[in-house]
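**Q** Below are the sequence and a predicted model for it; my questions follow.
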Amino acid sequence: MNPALEKYICALMLVLSITLGQALAIEPFYVLKDFGNVKLRIETVPYDEGINKIILWGQLAENLCKALDYSEPVFLDFVHYTPDFAISYEKVDNEYLWGTNTSNFFLVDNKVVSKEVGNFLEGNAIIIKQITYSRFQPQTTLKLLEYAILNLHHIKSTQSKIEYPKKYQTAKFNSIDTLTIKKILNSPNSIMVKNMLNLKVYRPEQEFSYGISYYWQNHRYFVFQKSLYNKQETVIIDLERINDIRKIGKLSAVIFDTDSSFYYVEQSGVVSFQNDGSGGRQNNPHLSKKHVIENVRGYRISKVESIGNEKLVICHTYDSMIRIEGQHEDRISIYLTKEDRLIQDLNQLLKEQ
């Protein structure tokens with residue numbers, strides 16, 4: 001067998017290893033985050049970058065509360081299901097957090113915990129519930145929260161009831177009427193909301209000191225290089241959307257702008273000093289051309305790993321519990337970083353040998 005192909009086959013062993021992300025994709029679960037008086041819960045199935053993006057909206061909500069001088073509890077509830085929105089003022093406790101979905105578990109600060117999550121939130125709070133099939137939008141969160149804070153007395157006195165499908169029902173609560181919510185969402189952004197959307201919010205990462213990451217600002221995602229030398233940030237590319245980011249060590253990453261297209265970025269390891277030896281800056285990073293992986297509709301990104309010799313394996317897994325043998329094989333692509341070249345389908349390549 002061709003030695004190069006033998007190295008590619010090693011990728012097949014790598015993709016069989018189990019990661020936290022794959023384990024958490026088996027059943028729905030909750031993610032809880034705390035931003036001062038703003039508490040956030042995400043109910044989701046795949047453990048993916050969408051969670052980090054929702055956490056960004058929690059940061060913006062906290063800033064909005066500070067700008068409006070509101071320090072009472074706020075609970076942001078995000079659910080992937082039939083689109084709907086609600087604003088209410090009700091008691092939140094562990095019974096509310098868990099609802100009727102007893103099979104789920106919590107992920108708090110990337111650690112799995114039991115139902116007993118302590119005093120995450122015990123008491124009355126503004127509840128902003130957002131349910132959607134697609135991406136959550138920051139202006140939706142901010143517009144609903146701004147209205148709730150400025151019209152809290154009206155919300156407290158509202159008696160209309162809203163119920164959700166039993167499987168996804170976490171509580172029955174008083175909510176303002178649907179027409180009012182539609183009017184809020186269809187109205188232009190206020191000056192306050194515009195100011196919040198113009199803030200820079202960073203991808204949540206523990207102990208991030210240098211390397212590749214991104215921040216969000218005014219509906220754009222800015223991928224940047226943070227220098228190890230002086231912590232200076234250099235924007236590499238800005239995108240309308242980031243579907244996923246997979247880091248390869250500290251100095252490189254694969255940035256997916258959709259589930260089937262990506263850029264490879266690599267931080268420069270060279271620092272340029274001035275003639276007198278004082279000061280310095282990290283040289284410009286490498287950015288690949290945009291690559292499109294074919295025939296992965298209905299699949300999700302499950303693995304991106306280095307297999308050495310400047311090669312990455314990118315694995316797409318069929319995004320369903322129903323898999324038909326011979327029809328739903330994992331799609332494995334190989335990306336050659338130095339050549340900036342994509343081998344579309346490893347399985348097909350092996351069949352052709």
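**A** Looks like it arrived, so ask away.
**Q** May I have the beta-bridge partners of H291?
**A** F262 (DSSP bridges).
**Q** Let me know the distance separating it from W216.
**A** 23 Å (C-beta to C-beta, to the nearest Å). Every C-beta, even on glycine, is put in place using the N, C-alpha and C of the backbone.
**Q** same thing with E90?
**A** In terms of C-beta to C-beta, E90 sits 30 Å off from W216.
**Q** Can you report how many residues lie near the closest residue to V292 other than its chain neighbours?
**A** Ranked by C-beta to C-beta, 6 or more residues apart in numbering and with sequence neighbours excluded, the top spatial neighbour of V292 is S261, at 4.6 Å. Residues near S261, counting by other C-beta atoms under 10 Å, number 14.
**Q** Check T132 too.
**A** Neighbour count for T132, taken as other C-beta under 10 Å: 16.
**Q** mind listing what Y221 touches?
**A** The contact partners of Y221, by C-beta atoms under 8 Å, 6 or more residues apart in numbering, come to 214-215, 238-242.
**Q** one more time with 7 Å, if that's ok
**A** 214, 238-239, 241-242 (C-beta atoms under 7 Å, 6 or more residues apart in numbering).
**Q** Buried among these? Make that a ChimeraX selection.
**A** Filtering those down to the buried ones (16 or more other C-beta atoms under 10 Å) takes a single ChimeraX command:
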select :214,242
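**Q** tell me which helix or strand of the protein sits lowest on mean pLDDT?
**A** The helix or strand of the chain with the lowest confidence, counting by mean pLDDT, DSSP states H and E, is helix 20-24 at a mean of 39.
**Q** what's the next secondary structure element after that one?
**A** strand 29-35 (DSSP states H and E).
**Q** Give me the contact list for the longest helix seen in the chain.
**A** Criterion DSSP state H: the longest helix present in the chain is helix 49-67. By C-beta under 7 Å, 6+ apart, the list of residues contacting helix 49-67 from outside reads 31, 33, 35-38, 40, 42, 44, 71, 74, 76, 78, 136, 138, 141-142, 145-146, 192, 196, 199, 201, 203-204, 216, 242-245.
**Q** So which of those are in helices?
**A** Going by DSSP H, the helices hold 138, 141-142, 145-146, 192, 196 from the contacts of helix 49-67.
**Q** tell me the average confidence for stretch 185-192?
**A** Regarding stretch 185-192, the rounded mean pLDDT is 95.
**Q** For the nearest residue to D340 once chain neighbours are set aside, the count of nearby residues, please.
**A** Leaving aside its chain neighbours, D340 sits nearest to S288 (4.9 Å; criterion: C-beta to C-beta, 6+ apart). S288 is flanked by 17 other residues according to other C-beta under 10 Å.
**Q** again with L342
**A** Burial measure for L342: 19 neighbouring residues, criterion other C-beta under 10 Å.
**Q** Run through the stretch 1-150 of the chain and note the low-pLDDT ranges.
**A** Within the stretch 1-150 of the chain, the ranges that satisfy pLDDT under 70 run 1-28, 45-47, 81-83, 98-119, 133-134.
**Q** Distance of H80 relative to R135?
**A** 10 Å.
**Q** Pick out whichever of those two has more residues nearby.
**A** The residue with more neighbours, out of H80 and R135 and counting by other C-beta under 10 Å, is H80; that gives 18 against 10.
**Q** where exactly do the strands run in the stretch 101-250 of the chain?
**A** 106-108, 111-113, 123-131, 161-162, 173-174, 201-202, 211-217, 220-226, 233-239, 244-248 (DSSP state E, counting those that start in this stretch).
**Q** Out of the ones you listed, which gets nearest to L150?
**A** strand 123-131 (11.1 Å; C-beta to C-beta).
**Q** and the angle from that closest one to helix 49-67?
**A** When axes from the mean of the first three to the mean of the last three C-alpha atoms, to 10 degrees is applied, the directions of strand 123-131 and helix 49-67 differ by 130 degrees.
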